[in-house]
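Engineer: just coords:
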């Protein structure tokens with residue numbers, strides 16, 4: 001985050017916001033890739049390949065940084081394990097729901113981060129944040145039930161559980177990048193999460209050549225786009241963009257997921273689900289606008 005003395009100019013801030021917007025678009029479309037791959041690959045195989053692909057692509061660019069990195073590997077291990085759990089829940093959930101639903105429910109992690117910090121780290125949290133979290137939870141209920149059921153679907157509950165873990169991942173990353181080179185850290189957590197997924201895939205659901213042929217395009221997008229480019233654009237964007245800018249722009253990931261789901265998978269939300277999605281997005285924006293006002 002910039003200090004007053006090193007506050008970036010308008011041009012640098014706009015460029016950074018542009019990188020963050022690209023990350024949001026890439027991640028939003030990534031939900032479509034995950035949905036398409038779920039028809040052919042188990043969640044361990046898909047996540048293992050995409051994370052290993054993303055980590056290996058970054059290695060040539062961080063070779064010099066890696067040699068200079070002497071500590072911080074414990075943080076990479078912790079983040080990799082958390083990333084493994086979060087991605088598992090997300091991929092399991094998206095296999096039984098739509099890309100747009102997955103995008104909006106996963107996006108609630110933005111509101112959950114300060115809530116988790118308040119509960120487990122005793123950090124002071126605004127009452128408005130708690131209100132936003134409750135509103136987002138209500139929107140999630142409408143989105144997941146669609147007015148046709150009383151209880152949320154199993155896939156939506158998995159996605160909601162995953163959003164808690166994604167929020168925890170954000171907190172771990174925020175602590176880790178203060179101690180570890182951000183690009184070395186990113187590659188490390190990707191490789192660790194990928195190796196865990198591939199190991200489990202070998203014993204539980206081995207990847208077949210047929211499955212790879214059927215899902216090579218979603219895998220390519222998820223590995224090179226969502227993982228390698230998306231996280232890199234996020235890191236570059238957050239260098240000069242205020243935290244409030246980053247949170248607001250990245251929350252648009254859910255909107256791009258809904259647009260991509262409509263364009264590529266012909267997914268449609270009914271009226272109740274649209275209301276739920278709007279409520280979730282409104283809660284996310286409300287929480288971040290409060291942060292901006294306080295800042």
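Structural biologist: Nice, I can see it. Only a predicted model underlies this, so the values are computations on that prediction, with no experimental measurement involved.
Engineer: I'd guessed residue 38 sits against residue 95; true?
Structural biologist: Yes. If you go by CB atoms under 8 Å, residue 38 and residue 95 touch, sitting 3.9 Å apart. All C-beta spots, glycine's among them, are computed from the backbone N, C-alpha and C.
Engineer: For this structure, which segments count as strands?
Structural biologist: Counting by DSSP state E, the chain forms no strands at all.
Engineer: where in it is pLDDT low?
Structural biologist: Scanning the chain for pLDDT under 70 picks out the ranges 1-8, 242-244, 295.
Engineer: quick check: longest helix of it.
Structural biologist: Longest helix in the chain by number of residues, with DSSP state H as the criterion: helix 10-37.
Engineer: Just the buried positions in that helix, please.
Structural biologist: The neighbour-count check on helix 10-37 (16 or more other CB atoms under 10 Å) flags 13, 15-17, 19-37 as buried.
Engineer: Next up, the contacts around residue 78.
Structural biologist: Contacts for residue 78 were tallied using CB atoms under 8 Å, 6 or more residues apart in numbering; they are 172, 176.
Engineer: no, scratch that, I was asking about residue 239
Structural biologist: Residue 239 makes contact with residue 16, according to CB under 8 Å, 6+ apart.
Engineer: now it: how far from residue 10?
Structural biologist: 15 Å (CB to CB, to the nearest Å).
Engineer: what ranges do the helices span in this structure?
Structural biologist: Ranges of helices in the chain, per DSSP H, are 10-37, 43-68, 73-94, 99-106, 109-120, 127-145, 154-176, 182-204, 209-220, 230-240, 243-250, 253-265, 271-294.
Engineer: Hey, what's the angle from the first one to helix 99-106? Just curious.
Structural biologist: Angle of helix 10-37 versus helix 99-106, following axes from the mean of the first three to the mean of the last three CA atoms, to 10 degrees, is 120 degrees.
Engineer: can you state the direction angle for helix 10-37 and helix 43-68?
Structural biologist: 140 degrees.
Engineer: What helices and strands are in contact with helix 10-37?
Structural biologist: The contact analysis (3 or more CB pairs under 8 Å, 6 or more residues apart in numbering; DSSP states H and E) places helix 10-37 against helix 73-94, helix 99-106, helix 209-220, helix 230-240, helix 243-250, helix 253-265.
Engineer: which one of those helices is the most hemmed in?
Structural biologist: Ranked by mean neighbour count, the helices and strands packed on helix 10-37 are led by helix 99-106 with a mean of 29 (mean count of other CB atoms under 10 Å).
Engineer: Residue 124: which of the helices and strands packed on helix 10-37 is closest?
Structural biologist: Among the helices and strands packed on helix 10-37, the nearest to residue 124 by CB to CB is helix 243-250 (16.6 Å).
Engineer: So which residue is smack in the middle of this structure?
Structural biologist: residue 166 (6.5 Å; CA atoms, centre = their mean).
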